[in-house]
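In: just to be clear, the model below is a prediction. Sequence and coordinates:
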Amino acid sequence: MTYLLSAAKLQTYYRCPRAYYFRYQRRVESAAFFGSAALGTSLHQALAQIYQDWHYQDPIPRWDWFEYCWSQRVEELTPTQADEGRSILKRYYKMFILNQSAMRKPLAVEGRIQGLLRAENLEFTLSGRYDRIDYLDDGLELIDYKSAKEIELAEPDEIDLQIGLYYLALEQRYQRSLKRLSLLYLRTGEKISFDASPTHRERVKTVISDLAVELRRDRKWLPFPGNQCNRCAYARYCSAMRPDPDPLPEDTRPEPGLQLVLSI
Ligand code: SF4
């Protein structure tokens, strides 16, 4: 039997089993997932189209092409959001396109990738989403667009975990190594890159195996207080944060019974 596990779930569990419980077992809505989600989605879709549909006969597109792709994505947005998105794309265009001799065609844009991992006689399909995969001279670069207002860098261990997950999946899918993971903050134009190495990968494989097995068996979902609590959307419901935490909202999913399979 194969258990399906997403990179986002594994990372959340790694950060704190209790937060995982709130988010995936009980499906508690959190403000962190609202806000400017619509603008973020439109930006992701526009960038996917910009790279996917460009003909690549001209070395770099003109701004008109960006403007055209953006105009396809503004239907669900308020006029203010549409303007804000256009400004964000303009900055992107100036910083990452205009100063290049050519816009390189990526290997893939906006998709899902899966990799298989066996641990303790259990088989896991690790799945994750990517925004863009670029070719490097000696491997691949995975680009993750971030549209949040504030730059929130994950802990180094979490980044390692993410790199490991994608390393495994990309190697199996494309037979190429992940060399770099880059977080591209669309609102500031900042790009933060992390190298991926074979040593790195081996270490992460062990961590992932242990975690995946642990997650599969967890029934307690113990809180894991730490720096992550400062930005946790579930702190008000968490007994590690408050002696008298808020009750979960009424529309929260009922407590699942003893489960044999992880929910997807
Ligand atoms: S507040 Fe901290 S301990 Fe509680 S669920 Fe969030 S991350 Fe976990």
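Out: Happy to help now that I have it.
In: check what pLDDT the closest residue to the ligand within the stretch 51-200 of the chain gets.
Out: Proximity of the stretch 51-200 of the chain to the ligand (CB to the nearest ligand atom) peaks at Glu155, 11.6 Å away. (Each C-beta comes from the backbone N, C-alpha and C, glycine too.) Note for Glu155: predicted pLDDT of 75.
In: okay, now it: neighbour count?
Out: A total of 13 residues lie near Glu155 under the criterion other CB atoms under 10 Å.
In: distance of it relative to Gln11?
Out: 10 Å (CB to CB, to the nearest Å).
In: what of Ser182?
Out: Distance of Ser182 to Gln11, computed by CB to CB: 17 Å.
In: who has more neighbours out of these two?
Out: Each of Ser182 and Gln11 has its neighbours counted (other CB under 10 Å); Gln11 has more, 19 against 16.
In: now do the SS call for the more buried one.
Out: Of the three states, Gln11 takes helix under DSSP: H, G, I helix; E, B strand; the rest coil.
In: so it sits against Asp157, correct?
Out: No: if you go by CB atoms under 8 Å, Gln11 and Asp157 don't touch, sitting 9.9 Å apart.
In: is the nearest residue to Pro249 once chain neighbours are set aside in a helix, a strand, or coil?
Out: Closest residue to Pro249 in three dimensions, ignoring its sequence neighbours and counting by CB to CB, 6 or more residues apart in numbering: Val28, at 6.6 Å. Of the three states, Val28 takes coil under three-state DSSP.
In: what's the answer for Leu4, then?
Out: Using three-state DSSP, the structure places Leu4 in strand.
In: shouldn't it be in contact with Thr125?
Out: Yes: applying CB under 8 Å as the test, Leu4 and Thr125 come out as touching, 4.9 Å apart.
In: quick check: mean pLDDT of the helix or strand where Ile133 lies?
Out: Per DSSP states H and E, Ile133 falls inside strand 122-136. Averaged across strand 122-136, the pLDDT comes to 88.
In: whichever helix or strand comes after it packs against which elements?
Out: For strand 122-136, the following helix or strand on the C-terminal side (DSSP H and E) is strand 139-146. If you count contacts as 3 or more CB pairs under 8 Å, 6 or more residues apart in numbering; DSSP states H and E, strand 139-146 packs onto helix 37-53, strand 122-136, helix 156-174, strand 178-185.
In: please name whichever of these is nearest to Val207.
Out: Of all these, helix 156-174 sits nearest to Val207, with 6.4 Å by CB to CB.
In: and the angle from the closest one to strand 122-136?
Out: Comparing the axes of helix 156-174 and strand 122-136 via axes from the mean of the first three to the mean of the last three CA atoms, to 10 degrees yields an angle of 80 degrees.
In: what lies in contact with helix 156-174?
Out: By CB atoms under 8 Å, 6 or more residues apart in numbering, the surrounding residues in contact with helix 156-174 are 7, 10-11, 14-15, 107, 113-117, 126-128, 130, 133, 140, 142, 153-154, 176-178, 181, 194, 196, 200-201, 203-205, 207-208, 211.
In: appreciated, that's everything.
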